[in-house]
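*Asks:* Just to be clear, the model below is a prediction. Sequence and coordinates:
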Amino acid sequence: MYIGSIDQGTTSSRFIIFNKGGEIISMGQKEHEQIYPQAGWVEHNAEEIWQNVQEVIGLALGKAGLSARDIAAVGITNQRETTVVWNKKTGKPYHNALVWQDTRVGSELAELAQVGGMDRFRAKTGLPLATYFSGLKLRWLLNHVPGLREDALNGEALFGTMDTYISWQLTGGTEGGIHITDVTNASRTQLMDLATCAWDDEILQVLSIPKAMLPEIKASSQVYGNSKGVLEGVPLAGILGDQQAALVGQTCFDPGQGKNTYGTGCFLLMNTGKQAIPSQFGLLTTVAYQLGNEPVHYALEGSVAIAGSLVQWLRDNLGLIQNSPDIENLAKEVEDNGGCYFVPAFSGLYAPYWKQDARGVLVGLTSYVNKSHIARAALEATAFQTWEVLEAMEKDAGISISSLRVDGGMVVNELLMQFQSDILGQEVICPKIIETTALGAAYAAGLAVGYWENLEDLKKNWAIQHRWNSQMDDSKRSHMKKQWKKAVSKSFNWED
């Protein structure tokens, strides 16, 4: 028997089948359309995504010569904060899903901040007011989609992040689909109280969100129900937001253990145990996971909006490279960044600054700088942003991280990983299985049905593929950090 994992990401959906050793047996993947109705708006077609999910499940099973009967359980991991609302009778979404990167609610933040400032919900939710989270996206849909509020009050409209929409469809949709989310995804809506792990009535009232449309909050690992259709009869038994799934996939179960996932954005999480630590340094306090009836574990998180998507931007918007992996060879043509720094604040800055009005800047340009320097500066931007988040994390938690566990698509870039170690002055470690997000969801599902017995079973699966050690001297490191901070300051207050 095997465990299946639905990994519904920002740019594609995948189904990965794992064995007991946490190794990949088979995988199917399909990209979906990125919809940009106007500047700062990012949408997905939820129906297209559900169609793709069904296709990739069939593809992965077919490749391995397996059927649904060979799958002991299935888990879901998903792009967090992306918001969709659909009709429970027809199954039809009322509007395209609003993606986590979407900034259309920016103008409403100042109005909400008039009472209690940008941190008015932070004591309860661990999150500052930002365009990032689902609650404000849901409020926008309720205020702008004709007839939606009325249907929501009548109990006909259902809200969810992508885990909720996929699990509803997977378990029957209009024919009895279950309307649930897990604590990790719920903690990213800005509508859940971190202490009680329940929807907060006061916040719902302030944002005018009808409680009837919200899913039931469950643990990250438990049997929720059985799948229908393409995975007929397979228990759905695990749900984790993608970054929390990577934390579980990296087996960071002890307080102080952390990981960084390099994908479209960059997400650094540190397990803080059964205690939610309020951040003083611009990080988010969030739920790490809840396994069955165990207590909830919390984490500190630092989010970087633009990482891998900067490479895509250089490819698609500037034509600097033809394929994303070409960035490394282009950057290797020069010894350093030539004095230029690239701050990719395309939709504002996330942790630790939280500046919605920042915009991207490329600074330090001279006639010496060429496209190779710019390619290198773009890669270095990801490492610099990670360093700033890690610095904030160590201050908040009062713990020094001696090494950083890394995963995600960008870890195959040797130059980036070496520079990451150089700028941190610390060891960077990549595990053998870099698909840790999908693996984390598989672990959650497998634990719930007894496929894996306990956390020790999972820890045994974790093995090191590669280590990078810092080769940069202290004076160069401190000079580059100073220049980076100066570059970041140039991105502030751009939007009025």
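*Replies:* Right, received. Where do you want to start?

*Asks:* Okay, strands next: where are they in the stretch 1-150 of the chain?
*Replies:* Assigned by DSSP state E, counting those that start in this stretch, the strands in the stretch 1-150 of the chain fall at 2-8, 12-18, 24-31, 43-44, 71-78, 83-87, 97-98.

*Asks:* Could you dump those into CSV and include distance to F133, mean pLDDT and mean neighbour count?
*Replies:* To be clear about C-beta, it is placed using only N, CA and C from the backbone, and glycine gets the same treatment. Putting these into CSV (distance: least, CB to CB, whole Å; pLDDT from 0 to 100; neighbours: other CB atoms under 10 Å) gives the following:
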stretch, distance to F133, mean pLDDT, mean neighbour count
strand 2-8, 18, 98, 28
strand 12-18, 22, 96, 24
strand 24-31, 25, 95, 17
strand 43-44, 17, 96, 22
strand 71-78, 15, 98, 29
strand 83-87, 9, 98, 24
strand 97-98, 11, 98, 26
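
*Asks:* For L204, which of these is the nearest?
*Replies:* Across those, L204 has its closest neighbour in strand 83-87 (15.0 Å, CB to CB).

*Asks:* Please name every helix or strand in contact with the closest one.
*Replies:* strand 97-98, helix 134-144, helix 148-153, strand 157-161, helix 162-170 (3 or more CB pairs under 8 Å, 6 or more residues apart in numbering; DSSP states H and E).

*Asks:* and if we set it to 6 Å?
*Replies:* Under the contact definition 3 or more CB pairs under 6 Å, 6 or more residues apart in numbering; DSSP states H and E, strand 83-87 sits against helix 134-144, strand 157-161.

*Asks:* okay, the last one in CSV with CA atoms only?
*Replies:* This points to strand 157-161. Output of strand 157-161 as CSV, limited to C-alpha atoms (Å, rounded to 0.1, in the frame of the first residue of the first chain):
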residue,chain,number,x,y,z
ALA,A,157,-22.5,30.1,-0.4
LEU,A,158,-19.4,28.2,0.9
PHE,A,159,-16.0,29.9,1.6
GLY,A,160,-12.7,28.1,1.6
THR,A,161,-9.0,28.2,0.9
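
*Asks:* Can you pull out the residues in contact with that strand?
*Replies:* By CB atoms under 6 Å, 6 or more residues apart in numbering, the surrounding residues in contact with strand 157-161 are V85, W86, K88, S134, L138, L148, D151, H179, N185, M213, L214, P215.

*Asks:* So which of these wins on neighbours?
*Replies:* With neighbours defined as other CB atoms under 10 Å, the most crowded of these is N185; it has 31 neighbours.

*Asks:* Could you identify the pair within the contacts of strand 157-161 that is furthest apart?
*Replies:* D151 and N185 (22.6 Å).

*Asks:* quick one, strands of the stretch 301-450 of the chain?
*Replies:* Under DSSP E, counting those that start in this stretch, the stretch 301-450 of the chain gives strands at 341-343, 361-363, 403-407, 427-431.

*Asks:* Distance to A195 added to those, as TSV?
*Replies:* Output for the strands of the stretch 301-450 of the chain, formatted as TSV (distance: least, CB to CB, whole Å):
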stretch	distance to A195
strand 341-343	36
strand 361-363	40
strand 403-407	28
strand 427-431	33
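
*Asks:* Flag whichever of the ones you listed has the least confidence on average.
*Replies:* Note on these: strand 403-407 shows the lowest mean pLDDT, a mean of 88.

*Asks:* Run me through the strand neighbours of it, direction for each.
*Replies:* Applying DSSP bridges, strand 403-407 is found paired with strand 258-262 (parallel), strand 427-431 (parallel).

*Asks:* Can you list the buried residues in the last one?
*Replies:* By neighbour count, and taking 16 or more other CB atoms under 10 Å as the criterion, the buried residues in strand 427-431 are V428, I429, C430, P431.

*Asks:* show me where pLDDT drops low in the protein?
*Replies:* By pLDDT under 70, the chain has no low-scoring segment.

*Asks:* that older thread, Q418 is nearest to which of the helices and strands packed on strand 83-87?
*Replies:* Among these, if distance is taken as CB to CB, the winner is strand 157-161, at 35.4 Å.
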